[in-house]
Structure formats: structure tokens, C-alpha cells
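> got a predicted structure here, sequence first:
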Amino acid sequence: MATGGSTISSGGGLTDRYAAALYSLAEDQYLLDHTVEQMDALGRLIDSSADLRRLLGSPLTDVNTAQKAMKAMLIDQGFTKIITDFVGVVTANRRLAALRAIVTAFAALVAMKRGIVVADVTTAHPMTDVQEQQLRARLIEAGYGQVNIAKHVDASILGGLIVKIGARLYDTSLKARLQRLQYAMKGAA
């Protein structure tokens, strides 16, 4: 998850409020399942389009221009009115830079409401399907019940994996092990 330290892209506050508002609206209109699918698709679209990420991250883009561009793109991609209107509100409120974080917060809210635990897993190399199934089985054994795995690749951890579930962090990365060894060696000297 590519979140920074600012309040706009943090896991709480602003993004949670937008996610909760969309969830409530979708639930009231009996469109929750479809909205969940559409938000997942929006997240994939943002992740796969460098041009879209540039638009989202550009503070120089005029709000009206951004609204027109986003609406045209969303309609062209087949997104429904609830999503295009929601993104329009996000854009009008000058929160377009937080859109990806809002999509992530929405997915986390849906998972929480449905009793699904989301495990953010960072590995040095992409996980195979077998590795993912083994990890899911271990997490279920550890008492996490129904688990969705959000996979991220970060070569800087060198090897191993980092699993974050809620406030818990399990770091078995080679980078962390080397850092612990370095601190232990400094303490012994």
C-alpha cells in the first residue's frame, strides 16, 4: 500500500470518512455489492494507469478540468452513476490526490463489515499461488478466520515477508533480520 505520512493519504480520518459515506450511500440504494465491484475496478484502473496516477497527483490541474477528465474517463470505462458522482464530489472537494487511499479505505471498511480480515503482505518477489494458499492457511490456523491477502512487492526487503493485519506487524524480512543482527553486534561491542 503506497500511503504516505500526510493526513490525506493516511489510513484514517479523511479517507475513512469518504469511504464510510460511500458505503452508507451504496447500502441505502441497495447497490452495495455492485459498488464494491466498481471500487475494486477503480483501484485496479488507478494502479494500472500511469496517466491517471499523474492526474490524481497533480496539484496544478484545475478542478473543473479534472472533473471533466475524470467523468469522461469513468463513463468511458463503464463505471456507474454512483461511482462517477462520488469521484466528482472527491474532485470538487480537491481530494483527488486521496482517491487511491479512499478506494483502499472503502475496501477495508467492506471487509470489516463482512467479517473478513485483510492481511497486507509485502514480499521481495511476487508470491506464487501455492505460497499465497500456504500463508492463508497459516493465518487461518492463527485464528484470523476469513482472510483476504493484499499483496505488495518491495525488493528492498531482500527476502522473507512482512505481514500487517490491523495493528499487528509480523516482519520476517531479511532486511529486518540483518538490522536486528547489526543492533545486536553493536550492543556486544
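Yes, it's here. Residues are numbered from 1 along each chain as shown.
> strands of the protein, residue ranges please.
117-123, 147-153, 161-165, 168-171 (DSSP state E).
> what sits against Gly88?
The neighbours of Gly88, taking CB atoms under 8 Å, 6 or more residues apart in numbering as the test, are 67, 70-71. Where you see a C-beta, it was placed from the backbone N, CA and C, and this is true even at glycine.
> which among those gets closest to Ala124?
Met70 (34.8 Å; CB to CB).
> now do the biggest helix by length in the chain: which elements does it pack against?
Longest helix in the chain, counting residues (DSSP state H): helix 32-48. With contacts taken as 3 or more CB pairs under 8 Å, 6 or more residues apart in numbering; DSSP states H and E, helix 32-48 sits against helix 14-28, helix 50-57, helix 81-92, helix 99-113.
> quick check: which of these is buried the most?
Among these, helix 99-113 has the highest mean neighbour count (mean count of other CB atoms under 10 Å), at a mean of 21.
> for that helix, packing partners?
helix 14-28, helix 32-48, helix 50-57, helix 81-92, strand 117-123.
> mind giving me the packing neighbours of the first one?
Pointing back at helix 14-28 there. Helix 14-28 packs on helix 32-48, helix 81-92, helix 99-113, going by 3+ CB pairs under 8 Å, 6+ apart.
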